[in-house]
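Novice: got a predicted model here, sequence first, then my questions.
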Amino acid sequence: MLKLKFILALFFLFSNWITFSQEITGIVYSENKIPLSDVNIKIRGQSKGTKSDQNGQFSLISKKGDLLVFSYIGMGTKKIRIKNFNPIKIILRSKANVLKEVEIKSTNKKNKPKTIISRFREIEVDKVGYTAYSFSGEDIRSYSNIGIAEALVGRVPNFQLTSEGVILRSRGFNNQQYALWEIDGIVFSGIPPYINPSTIENVFVVPSASATVGYGKRAGGGLIVVNTTRYKANYENKKQLKQLNFFSKESKGNLPNTEEGLYEIVNSSDNDLNKLKLAAYAYQKQGNAVFALRLYRLILSIDQSKTKSYRNVAESMKESGQLINAWDFYLNYLNIKKDEIDDISLKIIFNDMEHLYHAYELKNEIRENFITSKKAISDFKNQVRLIFEWTVPNETLRVEIINPNEQRIKFQLGSSEQKDRFIEEVFIDGNLLGKWKLNATILGDKPLKGNLKVTIYRDWLSTQKMLPLKRFFYFTEADQGSYKLLDIFF
């Protein structure tokens, strides 16, 4: 009888073990339906556990009621209570998915970015109306010190890093488009150049179709905007650059309008071109085009190599009413410099002549058979012409024009490689009403001394003969950084 009880006890113990301890199997996937290997799988409260294989498959001895915990780096943890032993399918999602989809901010609220600077506008991360994710530089460095793309793996839903680029919006193998990168205002496709994580200020990721605004179809696969600390500091700390004025004690701010006064200015300048240009500019502002013309002729006699030396003489002739003389002077310049004039200067001189031809109606007065490219003048109504002239051609200055829609035009003046890039011409649409901003950034490593002349022709082909607006900006031992030039209102 005792032996029978012992056998029954063993039977019930064995049957309980058979009933409650069985093998549970399954597969673990990412949200993109990709099998995940090396997922940690444990039974809560026990040391027992396993990992998924390269196909995402796993098996584990467990019993009904056990709580399985699935964890993977960069993914949200998932818990499953065992109710039966049928094969199970587990989907792990990126941690980023637990945050708001309209905007995802830095997890470190103290260091979260407030604004991101794109090439078209400032983006306030708290006010975007589309799916976007923002990270501070500190966030990025805490995720990975290898690179930006590596740091974003597992932080942005659907983010996949490949050898060809980053995938933000999976569309299948036959119609895949990679994300567009913008790093400090410069756009890159595919894999961008390496950036040291220690220099990153913030990162902004737009996986939705909203990325195409301003960027077009190139951003159909999403957009990743990166600001470095230096770029953002330059943008936010623009210094006000003063306009250059020429003062004399005798005239209380104005230059003397006498022959003796002009002679004194020339004699005291010691043929310093910057001083002479400044004086000529000041006379133009005073409305004394005759004295300005005489100074510009003197400058040309000293320096005949620069296009702007010839242009200044011709422009002064035009302002003093010597229209035919101005026309002939342009023709003389083209004849003298025909074998050495660069394309940019040629285009600017030709447009100067177009201005004389149309705005001052010289069509019936000139002898030459001038072929204009402006067939329908009405097409150029309210077109604004800007000329930028830089006096330090071996030092680089970057000019930025921002329209009322916060779209940007950027170009450089001067460089150690291209010393002829001292003049640039830009056309903008005066029909776009609002405030246009002009800024300049010094790109060299050492302080420089020089000046930038900006000439603005409003409705430049109009027969109203409006005089251009001229501004002269002076860099006195100016350090590297960004400067505000002026605002134009239309």
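Specialist: Noted; the coordinates are in hand. Residues are numbered from 1 along each chain as shown.
Novice: what about the strands in the stretch 351-490 of the chain?
Specialist: Along the stretch 351-490 of the chain, the stretches classed as strands by DSSP state E, counting those that start in this stretch are 383-390, 397-402, 408-413, 423-429, 435-442, 448-457, 469-478, 481-489.
Novice: show residues contacting the fourth one.
Specialist: So that's strand 423-429. Here strand 423-429 makes contact (CB atoms under 8 Å, 6 or more residues apart in numbering) with 307-308, 344-345, 347-348, 351, 382-390, 399, 401, 403, 409, 411, 413, 436. For glycine as for every other residue, the C-beta is placed from the backbone atoms N, C-alpha and C.
Novice: that one to strand 481-489, inter-axis angle?
Specialist: Regarding strand 423-429 and strand 481-489, their directions subtend 40 degrees when assessed with axes from the mean of the first three to the mean of the last three CA atoms, to 10 degrees.
Novice: outline the domain layout of the chain.
Specialist: Annotated domains of the chain cover 17-93, 97-236, 259-489 [automatic domain parsing].
Novice: can I have the buried ones of the contacts of strand 423-429 as a PyMOL selection?
Specialist: What follows is the PyMOL syntax selecting those of the contacts of strand 423-429 that are buried according to 16 or more other CB atoms under 10 Å:
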select buried, resi 307+308+345+348+351+383+384+385+386+387+388+389+390+399+401+403+413+436
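Novice: which element follows the host helix or strand of residue 276 toward the C-terminus?
Specialist: Take DSSP states H and E as the rule and residue 276 turns out to sit in helix 273-286. Heading C-terminal from helix 273-286, the first helix or strand you meet, by DSSP H and E, is helix 289-302.
Novice: elements contacting that next one?
Specialist: Applying 3 or more CB pairs under 8 Å, 6 or more residues apart in numbering; DSSP states H and E, we find helix 289-302 packed against helix 259-269, helix 273-286, helix 307-319.
Novice: what are the buried residues along the second one?
Specialist: Which is helix 273-286. Neighbour-count burial for helix 273-286 flags 276, 277, 278, 279, 280, 281, 282, 283, 284, 286 (criterion: 16+ other CB under 10 Å).
Novice: Provide a list of residues in contact with the closest residue to the second one other than its chain neighbours.
Specialist: Read it as residue 277. Excluding its sequence neighbours, the residue lying closest to residue 277 (CB to CB, 6 or more residues apart in numbering) is residue 299, at 6.4 Å. Residues counted as contacts of residue 299 (CB under 8 Å, 6+ apart) are 273, 276, 277, 280, 309, 312.
Novice: outside of stretch 258-277, which residues touch it?
Specialist: Outside stretch 258-277, the residues that reach it (CB under 8 Å, 6+ apart) are 248, 250-251, 255-256, 279, 291, 294-295, 298-299, 302-303, 312, 391, 450-451, 453.
Novice: please pull out the lowest mean pLDDT helix or strand from the protein.
Specialist: Ranking every helix and strand in the chain by mean pLDDT, DSSP states H and E puts helix 2-20 at the bottom, with a mean of 46.
Novice: could you save the helices and strands packed on helix 289-302 as a markdown table and add columns showing mean pLDDT?
Specialist: Compiled in a markdown table, the helices and strands packed on helix 289-302 are given as follows (pLDDT from 0 to 100):
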| stretch | mean pLDDT |
| --- | --- |
| helix 259-269 | 85 |
| helix 273-286 | 82 |
| helix 307-319 | 84 |
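Novice: list the contacts of residue 409.
Specialist: 400, 401, 403, 426, 428.
Novice: could you tell me how many residues sit around the fourth one?
Specialist: Counted with other CB atoms under 10 Å, the burial measure for residue 426 works out to 14 neighbours.
Novice: can I take it that residue 305 is in a strand?
Specialist: No - the assignment for residue 305 (DSSP: H, G, I helix; E, B strand; the rest coil) gives coil, which keeps it out of a strand.
Novice: for it, give me the pLDDT.
Specialist: Residue 305 is assigned 70 on the pLDDT scale.
Novice: count of neighbours near it?
Specialist: Residue 305 has 8 neighbouring residues, counting by other CB under 10 Å.
Novice: how close does it sit to residue 432?
Specialist: With distances taken as CB to CB, to the nearest Å, residue 305 is found 37 Å from residue 432.
Novice: now residue 118
Specialist: 19 Å.
Novice: neighbour-wise, which of the two wins?
Specialist: Neighbours per residue (other CB under 10 Å) separate residue 118 from residue 432, with residue 118 holding more: 19 against 14.
Novice: setting aside sequence neighbours, what's the nearest residue to that one?
Specialist: residue 225 (5.3 Å).
Novice: and for residue 410?
Specialist: residue 400 (5.1 Å).
Novice: what sits against the one you found?
Specialist: Residue 400 makes contacts with 408, 409, 410, 437, 438, 439, 440, 441, as judged by CB under 8 Å, 6+ apart.
Novice: tabulate those (a markdown table), appending pLDDT.
Specialist: Output for the contacts of residue 400, formatted as a markdown table (pLDDT from 0 to 100):
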| residue | pLDDT |
| --- | --- |
| 408 | 83 |
| 409 | 84 |
| 410 | 83 |
| 437 | 87 |
| 438 | 87 |
| 439 | 86 |
| 440 | 84 |
| 441 | 81 |
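Novice: just put those residues in CSV and tack on distance to residue 202.
Specialist: Conversion of the contacts of residue 400 to CSV gives the following (distance: CB to CB, whole Å):
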residue, distance to residue 202
408, 19
409, 24
410, 21
437, 23
438, 26
439, 21
440, 24
441, 20
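Novice: mind listing what the residue most central in space within the chain touches?
Specialist: When CA atoms, centre = their mean is applied to the chain, the residue found nearest the centroid is residue 185 (1.9 Å). Listed by CB under 8 Å, 6+ apart, the contact partners of residue 185 are 117, 118, 119, 231, 408, 410.
Novice: can you pick the most crowded of the residues you listed?
Specialist: Across the contacts of residue 185, neighbour numbers were computed from other CB under 10 Å; residue 117 holds the maximum, 21 neighbours.
Novice: what backbone torsions are found at that one?
Specialist: When quoted as degrees, to the nearest 10, the phi and psi of residue 117 stand at phi -100, psi 110.
Novice: for the residue lying closest to residue 140 once chain neighbours are set aside, grab the count of nearby residues.
Specialist: With sequence-adjacent residues excluded and distances taken as CB to CB, 6+ apart, residue 140 is closest to residue 151, at 4.6 Å. In terms of burial, residue 151 registers 20 neighbours under the definition other CB under 10 Å.
Novice: cool, and residue 210?
Specialist: 15.
Novice: can you tell me the closest non-neighbouring residue to it?
Specialist: If the residues on either side of it in the chain are set aside, residue 210 comes closest to residue 130, at 3.9 Å by CB to CB, 6+ apart.
Novice: if I look at the one you found, how far off is residue 283?
Specialist: In this structure, residue 130 and residue 283 are 54 Å apart, going by CB to CB.
Novice: do residue 464 as well
Specialist: Taking CB to CB as the measure, residue 464 and residue 283 are separated by 24 Å.
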